[in-house]
Structure formats: structure tokens, C-alpha cells
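Q: sequence plus predicted model, see below.
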Amino acid sequence: MGVKRLEIAVENELVQRVKALGGIAEKGSVPGRRGFFDRIVVLPGGRVIFVECKRPQGGRLSAHQILRLDIYRKLGAAVAVVRNSADIDRLLSP
């Protein structure tokens, strides 16, 4: 992977680590809705988190993604932006 890590590498690490815990990380999309989350993570015990993955260096949230994050947060949903292994650690910690 080298120094420059891509968003897909972050996303793949998330999927693998969620699976190792016995959870699922479904690919998310809603036709006609821009800015939907990359993954919907469901962990054992029923914990559900909407996750946007970004590359560690220079990965920016679009206006649509920021709006979506805000809407879901205001509704009380768990949302996260992950850019690296440390973010995934925080996301998966109990």
C-alpha cells in the first residue's frame, strides 16, 4: 500500500475487521440520493453505525455527505467518518 493510502484500502480494512468481530459491513447506496454512507455496519448486540470512509490524506467530505451526517446525527443515529486504523479502532471499541 505504501505511504499514500487509498479510500478503498480504509474501507477494506473496516470490512475485514467488522467481519472478524462477527458483524457485517454492508455497502450502502440509495438511488437518487447523493452523499449516502459507504457502509452500514451492524455489530453483534445490534449496534448499527453509518460509516463514511475517506483516504487519510486529503479525503474531504462533500457538501452532500456533511448534510447526510448531520441529518442522521440529529435523528440519534450512530455515524462515523473513518480515515485510518485508529478511527476504526475507536469505531469498534465497545
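A: All right, it came through fine.

Q: show me where the protein has its strands.
A: Ranges of strands in the chain, per DSSP state E, are 24-27, 39-43, 47-53, 78-82.

Q: the third one versus strand 39-43: what angle between them?
A: Strand 47-53 and strand 39-43 meet at an angle of 150 degrees, taking axes from the mean of the first three to the mean of the last three Cα atoms, to 10 degrees as the criterion.

Q: buried stuff in strand 47-53?
A: Ile49, Phe50, Val51, Glu52, Cys53 (16 or more other Cβ atoms under 10 Å). Where you see a C-beta, it was placed from the backbone N, CA and C, and this is true even at glycine.

Q: check stretch 16-33 too.
A: Arg17, Val18, Gly23, Ala25.

Q: didn't the third one look like it was pressed against Gly45?
A: Put plainly, it is Gly23. No: applying Cβ atoms under 8 Å as the test, Gly23 and Gly45 come out as separate, 9.2 Å apart.

Q: thinking again about what came up before, which of the buried residues of stretch 16-33 lies closest to Gln65?
A: Ala25 (17.6 Å; Cβ to Cβ).

Q: pLDDT weak spots in this protein?
A: 1-4 (pLDDT under 70).

Q: any idea which helix is longest in it?
A: helix 7-20 (DSSP state H).

Q: output that helix as CSV - backbone C-alpha positions only.
A: Coordinates of each C-alpha in helix 7-20 appear next as CSV, following Å, rounded to 0.1, in the frame of the first residue of the first chain:
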residue,chain,number,x,y,z
GLU,A,7,-10.0,5.2,0.4
ILE,A,8,-10.7,1.6,-0.8
ALA,A,9,-7.9,0.3,1.5
VAL,A,10,-9.5,2.0,4.5
GLU,A,11,-12.9,0.6,3.5
ASN,A,12,-11.5,-2.9,3.0
GLU,A,13,-9.8,-2.8,6.5
LEU,A,14,-13.1,-1.7,8.0
VAL,A,15,-15.0,-4.6,6.3
GLN,A,16,-12.4,-7.2,7.4
ARG,A,17,-12.3,-6.0,11.0
VAL,A,18,-16.0,-5.9,11.3
LYS,A,19,-16.3,-9.4,9.9
ALA,A,20,-13.6,-10.6,12.4
